[in-house]
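Participant: Sharing a model that was predicted from the sequence below.
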Amino acid sequence: MPFIAYNFARHKRRGIVVDRALKYQVMFQRTIVGWLNVYFVDHPDRPRVTLSPQEFHAILPEVSPRVTTGCCEVGLETLHELGFSVDGLAEVAV
């Protein structure tokens, strides 16, 4: 698991795990039947997952139930809960 290089701040922390620091952009759009298509924007193939409104709002409670389209940044855990994988993506911390 990659790490961010040493932090020379006053608190002297060694660094944080890149997976916890990175945010991934997802886009969502409501279908004609009311379900939500969720797209992983940062992935080169741009995969899609279709979720019911209840599943979507259980994972992303901060999004309004009346939303029709939008995007947000999520962490790795939320990305996995949505059904996406980051395998094969190059993650480099500078």
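Facilitator: Here it is on my side, so go on.
Participant: How many residues are close by the closest residue to residue 81 other than its chain neighbours?
Facilitator: Nearest residue to residue 81 in three dimensions, chain neighbours excluded: residue 59, at 5.0 Å (CB to CB, 6 or more residues apart in numbering). (Glycine included, C-beta is placed from N, CA and C.) As a burial measure, residue 59 scores 16 neighbours (other CB atoms under 10 Å).
Participant: Distance check, residue 27 against residue 49.
Facilitator: According to CB to CB, to the nearest Å, residue 27 and residue 49 sit 11 Å apart.
Participant: overlap in contacts of these two?
Facilitator: residue 38 (CB atoms under 8 Å, 6 or more residues apart in numbering).
Participant: was I right about the residue nearest to residue 81 contacting residue 80?
Facilitator: No. With contact defined as CB atoms under 8 Å, residue 59 does not reach residue 80; the gap is 10.1 Å.
Participant: dump the residue contacts of residue 31.
Facilitator: Counted by CB under 8 Å, 6+ apart, residue 31 has contacts 37, 50.
Participant: Quick check: pLDDT value at it.
Facilitator: Listed pLDDT for residue 31 reads 95.
Participant: Kindly report the same for residue 8.
Facilitator: pLDDT, read off for residue 8, is 59.
Participant: same thing with residue 22?
Facilitator: As predicted, residue 22 sits at a pLDDT of 77.
Participant: Counting neighbours, what do you get for it?
Facilitator: Using other CB under 10 Å, residue 22 has 16 other residues around it.
Participant: Distance of it relative to residue 68?
Facilitator: 28 Å.
Participant: try residue 28
Facilitator: In terms of CB to CB, residue 28 sits 9 Å off from residue 68.
Participant: Between these two, tell me which one has more neighbours.
Facilitator: A side-by-side neighbour count of residue 28 and residue 68, using other CB under 10 Å, places residue 28 first with 21 against 10.
Participant: for the residue nearest to residue 81, phi and psi?
Facilitator: phi -80, psi -40 (degrees, to the nearest 10).
Participant: ok, now how distant is it from residue 44?
Facilitator: For residue 59 relative to residue 44 (CB to CB), the value is 23 Å.
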